[in-house]
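Trainee: when you get a sec, could you give me coordinates for this:
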Amino acid sequence: MNKSELVEAVAANTGLERRQAEAAVGAVVDEIIGQTRSGQTVSIFGFGSFKPTSRAARTGRNPQTGQPVRIAASKGVKFQLSTAFKSALNSKKAATKKTAAKKATAAKKTTTAKKATPARKATATSTKKATATKKATAKKATGSAKKR
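Mentor: Numbering: from 1, shown residues only. You can find the predicted model right below:
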């Protein structure tokens, strides 16, 4: 969304004429710029805060030649979202977390139900096979330990 689209949206939502909405948006932007230029933090409840920052002068390098280059001091602005804005942005994630928690609870209930069923009795042949496999694995492990 650019400035003219914002003006149109403000005009549509407030019932103001386009020129009045344009003046209102321009006044808000100009005031934010003026206050941050003077070093003041601008906080808009439910939206966020504009905080002025400054970077000191430093020496950099030209990547092509490797020559030192003097970089002048400059000012900037950091924007921090309000908690209300941030929660509005992430509300979809919260909804998916709730559904994931419900699915996990349902999965736990079905696993518990499966565990409650009585176990089958092991047959003699399957027990012999399991014992033979364990012995073979143990021999391989001791054989490799002796080689070291």
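
Trainee: okay, and the beta partners of K75?
Mentor: Residues in a beta bridge with K75, per DSSP bridges, are S54.

Trainee: isn't it right next to K51, touching?
Mentor: No. The pair formed by K75 and K51 falls short of the contact definition of CB atoms under 8 Å, at 11.4 Å. The way it works is simple: take the backbone N, C-alpha and C, and place the C-beta from them, glycine included.

Trainee: more crowded one of these two?
Mentor: For K75 versus K51, the count of surrounding residues by other CB atoms under 10 Å is larger for K51: 16 against 11.

Trainee: ok, residues contacting the helix or strand containing that one?
Mentor: Assigned by DSSP states H and E, K51 belongs to strand 48-55. Contact partners of strand 48-55, identified using CB atoms under 8 Å, 6 or more residues apart in numbering, comprise 32, 35-37, 39-43, 73-82, 85.

Trainee: buried ones among these?
Mentor: Buried members of the contacts of strand 48-55, scored by 16 or more other CB atoms under 10 Å, are T36, V42.

Trainee: buried ones in the helix or strand hosting R19?
Mentor: When secondary structure is defined by DSSP H and E, R19 falls within helix 18-37. For helix 18-37, the neighbour count (16+ other CB under 10 Å) marks A21, E22, V25, T36 as buried.

Trainee: now the two most distant members of those.
Mentor: By the measure CB to CB, A21 and T36 form the most distant pair in the buried residues of helix 18-37, at 23.1 Å.

Trainee: now the strand holding K51: buried residues?
Mentor: Across strand 48-55, burial judged by 16+ other CB under 10 Å covers G48, F50, K51, P52.

Trainee: okay if I get those as JSON lines plus pLDDT and distance to T14?
Mentor: Supplementary listing: the buried residues of strand 48-55 in JSON lines, determined by pLDDT from 0 to 100; distance: CB to CB, whole Å:
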{"residue": "G48", "pLDDT": "95", "distance to T14": "21"}
{"residue": "F50", "pLDDT": "96", "distance to T14": "23"}
{"residue": "K51", "pLDDT": "96", "distance to T14": "28"}
{"residue": "P52", "pLDDT": "96", "distance to T14": "30"}
